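Visitor: Please work out how this folds:
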Amino acid sequence: MAWLRVQLTEEEQGVVNEERIAHPNERIRERMLVLWLLHNGVTRQKAAEIVGVGRATVQRFVAAFRDGGLDGLRRWDPNRPESEMATFRESIRESFDKQPVRTVAEACDRIDQLTGLRRGPSQVRKFLKDLGLKFQRVRMVPVPPKKTWPSTSKRRPSFSKLS
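Guide: Residues are numbered from 1 along each chain as shown. Sure, this is the predicted structure:
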């Protein structure tokens, strides 16, 4: 495959120059900066070093520009799988708000009853944290006695040796 020399038209230069600074997505800004550097005669290796990506990444950016133009370079679809429990997010949250669970194992069982999805403690713990729920430690609050007992109010002997 022939080496593509990046040459931008006046209109494309204006768009790339604007989006390399002001695009809301950081990755798209990165891509536009690489394209701008390549248009200005910087080598692909040097552009990769300046932007902080690998040379193969620069090659992918150029291929995206070659195949789809600026729209191909702007395309951003990261592969982030969605949990099956996410569809039941509201019903799980509602159930835990009505009746909180005490342990992660109990949360696993409740989610299994509500949704039919059996998940391990690690996945459930992460899911509950993403919901914004917190694990709270439950313990007794120390309270001083209300009255003094005769056995506790006596003066105790000191065991220090007087010299």
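Visitor: alpha carbons only for contacts and neighbour counts from here, please
Guide: Will do.
Visitor: Got phi/psi on the most centrally placed residue in the chain?
Guide: Note on the chain: the residue nearest the mean C-alpha position is residue 130, at 9.3 Å, using CA atoms, centre = their mean. The phi/psi pair for residue 130 (degrees, to the nearest 10) reads phi -60, psi -30.
Visitor: Would you confirm that residue 111 contacts residue 123?
Guide: No: using CA atoms under 8 Å, residue 111 makes no contact with residue 123, being 11.3 Å away.
Visitor: For these two, work out which one has more neighbours and name it.
Guide: residue 111 (21 against 13; other CA atoms under 10 Å).
Visitor: Tell me which residues touch that one, please.
Guide: Listed by CA atoms under 8 Å, 6 or more residues apart in numbering, the contact partners of residue 111 are 92, 117, 118.
Visitor: Need the nearest residue in space to the last one, chain neighbours excluded.
Guide: In space, and not counting its chain neighbours, residue 118 is closest to residue 112: 5.1 Å by CA to CA, 6 or more residues apart in numbering.
Visitor: in the helix or strand that contains that neighbour, what counts as buried?
Guide: Assigned by DSSP states H and E, residue 112 falls within helix 104-115. Residues of helix 104-115 classed as buried by neighbour count (16 or more other CA atoms under 10 Å): 104, 107, 108, 109, 110, 111.
Visitor: next one: stretch 52-59
Guide: By 16+ other CA under 10 Å, the buried positions in stretch 52-59 come out as 55, 58.
Visitor: quick one on the thing from earlier: let's see the pLDDT reported for the residue nearest to the centre of the chain.
Guide: Note on residue 130: pLDDT of 88.
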